[in-house]
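Participant: Next one to model:
(chains A, B, C and D)
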Protein chains: 2
Amino acid sequence: MADQSPSGESLLFLTDEQLRKGIEAMFFAYRGFTADPDRILEGMDYGRAHHRAIHFIHRSPATTVSNLLSVLGVTKQSLNRVLRTLIEDGLVEARVGRKDKRERHLHLTAKGQELERALSDAQRARMRAAYRAAGPQAVAGFRTVLEAMMDPEMRKQYQGLKEGGT
Amino acid sequence: MADQSPSGESLLFLTDEQLRKGIEAMFFAYRGFTADPDRILEGMDYGRAHHRAIHFIHRSPATTVSNLLSVLGVTKQSLNRVLRTLIEDGLVEARVGRKDKRERHLHLTAKGQELERALSDAQRARMRAAYRAAGPQAVAGFRTVLEAMMDPEMRKQYQGLKEGGT
DNA sequence: AATTTACGTCAGCCTTGTTGACTTTCCAAG
DNA sequence: CTTGGAAAGTCAACAAGGCTGACGTAAATT
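Facilitator: Presented below is the predicted three-dimensional model:
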């Protein structure tokens, strides 16, 4: 599945020029990708870091600080700064673990869900437009290439979040 | 071309769940995308901002500061800080324009080309591996979706750089 | 009882972005 | 030839969000 060498000409998609185009596509697309949430967040006291925290708490409720740490790939101190303001502002709730009381299980409050909604609505709108314009086949390819581009550990995070529960 | 509504089920790729997967794929993949150059740059006095400047000077030699400014989407002051160190360190040369002497035309020195080579080799290696694993069709879809995701202005930059010369 | 784990926090630093104000150079239009 | 404005550079101050190092505390584990 990964190694069919058909003729020789179909390897043209591996030229340096094609790779460079892909690199720049990533650069410019990522700017678009973050533009809408950034616009919403500017003015509030929050930034991209808060968005990321909110996103992953939303998608994995009751996640622990450690979990979040490894998903986001930042230091405890960096995350803590963000998390503290979100908790103080009443967007996130940190519940002491029942089984292991050292752990903090993170949840979005109603207010937190509200902001999450606004942010992800904006981001999804752009994504949806792009998906629709490109079509299902292109989308499948898009996901395939991105997944292949991840570090193995990140790929585990990405896939694991699919059905991974608590 | 953009609006063929076949049955109803093929719209499943536009569900919120699919969009969320795409969003997270972008997040995790972008980390991988920047990981290798970042590793090279750490230890040197340079960062991602220097990499970006070097990349676009390499691909559009003799570009002006203004051009670079609009491609990178940062302020003059931000870019200038980066550019100054690159010039001081002899990686970039700023030639006064012949026609318009206010302009500075930017070029990589031999030393600059060397670093550019190291950085883009690393980044291309990952890209190539991902492309090869995914196959040409997936790559086409990848590029299509990314392009659709860009802001119109960025898309112009992206496409314009294809054949756009001096 | 000792150690490890999970979390929080203080302090300080770096990169890279921002705004605002100002200067120099120089093209082009009056 | 003068002047307006564009292009470029620079200084200062600030903020977000990374980082390291050191330390503290509570709870689980050994």
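Participant: got the contact list for A:Gln157?
Facilitator: A:70-71, B:28 (C-beta atoms under 8 Å, 6 or more residues apart in numbering or on different chains). In short, each C-beta sits where N, CA and C put it, glycine included.
Participant: Within range of DNA strand C, give me the residues from chain A.
Facilitator: Taking C-beta under 7 Å from any atom of the strand as the contact definition, chain A meets DNA strand C at A:64-66, A:69, A:76-77, A:80, A:83-84, A:94, A:100, A:102-104.
Participant: ok, 10 Å please
Facilitator: A:42, A:63-70, A:75-81, A:83-85, A:87-88, A:92, A:94, A:96-97, A:100-106 (C-beta under 10 Å from any atom of the strand).
Participant: Got a quick PyMOL command for the buried subset of those residues?
Facilitator: Here is the PyMOL command that selects the buried residues among the residues of chain A next to DNA strand C (16 or more other C-beta atoms under 10 Å in any protein chain shown):
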select buried, chain A and resi 63+64+65+67+68+69+79+83+85+87+92+94+103+104+105+106
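Participant: Which stretches in chain A count as helices?
Facilitator: With DSSP state H as the criterion, chain A has helices at A:16-41, A:48-59, A:65-72, A:76-88, A:110-134, A:136-149, A:152-163.
Participant: Flag every buried residue along stretch A:30-42.
Facilitator: A:30-37, A:40-41.
Participant: residues contacting the residue most central in space within chain A?
Facilitator: By C-alpha atoms, centre = their mean, chain A has its centre lying nearest to A:Arg52, at 6.7 Å. Shown in contact with A:Arg52 (C-beta under 8 Å, 6+ apart): A:72, B:27.
Participant: Please report the distance of A:Arg31 from B:Leu72.
Facilitator: Between A:Arg31 and B:Leu72 the distance, using C-beta to C-beta, to the nearest Å, works out to 10 Å.
Participant: for A:Pro136, same thing?
Facilitator: Distance, A:Pro136 to B:Leu72, by C-beta to C-beta: 34 Å.
Participant: What of A:Gln123?
Facilitator: A:Gln123 is 22 Å from B:Leu72, by C-beta to C-beta.
Participant: the more surrounded of the two?
Facilitator: A:Gln123 (23 against 19; other C-beta atoms under 10 Å in any protein chain shown).
Participant: ok, now how distant is that one from DNA strand D?
Facilitator: 15 Å (C-beta to the nearest atom of the strand, to the nearest Å).
Participant: how near is that residue to DNA strand C?
Facilitator: 20 Å.
Participant: I'd guessed that residue sits against B:Ile23; true?
Facilitator: Yes. Using C-beta atoms under 8 Å, A:Gln123 makes contact with B:Ile23 at a distance of 5.9 Å.
Participant: who touches both of these two?
Facilitator: Common neighbours of A:Gln123 and B:Ile23 (C-beta under 8 Å, 6+ apart) are A:Phe33.
Participant: Relative to DNA strand D, how far out is A:Leu12?
Facilitator: 36 Å.
Participant: residues near that residue, how many?
Facilitator: Neighbour count of A:Leu12, defined by other C-beta under 10 Å: 10.
Participant: My guess is it contacts B:Tyr131. True?
Facilitator: No. Counting by C-beta under 8 Å, A:Leu12 does not reach B:Tyr131; the two are 11.1 Å apart.
Participant: Now do the shared contacts for these two.
Facilitator: A:Gln18.
Participant: How about A:Ala133: what's its closest non-neighbour residue?
Facilitator: B:Ala148 (4.4 Å; C-beta to C-beta, 6 or more residues apart in numbering or on different chains).
Participant: same question, A:Ala130
Facilitator: B:Ala148 (3.7 Å).
Participant: got a pLDDT number for the one you found?
Facilitator: With respect to pLDDT, B:Ala148 scores 98.
Participant: what does the one 4 residues further on give?
Facilitator: According to the per-residue confidence, B:Pro152 scores 93 in pLDDT.
Participant: so how many other residues sit close to it?
Facilitator: When neighbours are counted by other C-beta under 10 Å, B:Pro152 registers 7.
Participant: A:Val145 too?
Facilitator: Neighbour tally, A:Val145, other C-beta under 10 Å: 27.
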